[in-house]
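>>> I would like to see how this sequence folds:
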Amino acid sequence: MATRVEWAERVERWERSGLSAEKFARREGYKPKQLYWWRWKLRADGPSQPAPASLAEAPRFLPVHVMADASPVAAEPIEIALPNGRVVRVRPGFDPAQLERVLALAAEKSPC
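Have a look, this model is predicted:
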């Protein structure tokens, strides 16, 4: 069973993602009603609760390897939700070097 801190992190990720509760919950493997309830519960309890520790951490990036399409399936856009709340949407056929520069700028704390 997930803890209060884990649900706070989940709700925060959902809100930053820009996705509907239904889409986010389906992607993460839980019910939309759980997201709504926890968002209500966390807001009702007020800001006296400490922020989840993971939100205070600096963003960590994992290596990404771009591979040629091996499947005939139509390419879908990629959505990258950064810890600072910004979302980067990438269309098929992007330039990896340009994406790297955009991600570096988007990860900065200062406003764009």
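>>> How about the most centrally placed residue in the chain, nearest residue that isn't a chain neighbour?
With distances taken as Cα atoms, centre = their mean, Ala81 lies nearest the centre of the chain, 3.6 Å away. Spatial nearest neighbour of Ala81, excluding adjacent residues (Cβ to Cβ, 6 or more residues apart in numbering): Ser17 at 4.7 Å. Where you see a C-beta, it was placed from the backbone N, CA and C, and this is true even at glycine.
>>> need the next SSE after the helix or strand of the chain with the lowest mean pLDDT, C-terminal direction.
Using mean pLDDT, DSSP states H and E, the weakest-scoring helix or strand in the chain turns out to be helix 53-56, at a mean of 54. Going down the chain from helix 53-56, the next helix or strand is strand 78-81, by DSSP states H and E.
>>> In that next one, which residues are buried?
Neighbour counts over strand 78-81 (16 or more other Cβ atoms under 10 Å) mark 80-81 as buried.
>>> now do stretch 89-101
For stretch 89-101, by 16+ other Cβ under 10 Å, it's Leu99.
>>> Give me the distance from it to the chain's centre.
Relative to its parent chain, stretch 89-101 has a centroid offset of 18 Å by Cα atoms, centre = their mean, to the nearest Å.
>>> So which residues make contact with it?
Contact with stretch 89-101 is made by 66, 75-80, 88, as judged by Cβ atoms under 8 Å, 6 or more residues apart in numbering.
>>> So what would you say the end-to-end distance of that stretch is?
End-to-end distance for stretch 89-101, by Cα to Cα, to the nearest Å: 14 Å.
>>> in the chain, which segments are predicted with low confidence?
Along the chain, segments meeting pLDDT under 70 span 47-58, 69-74, 109-112.
>>> All good on my end, thank you.
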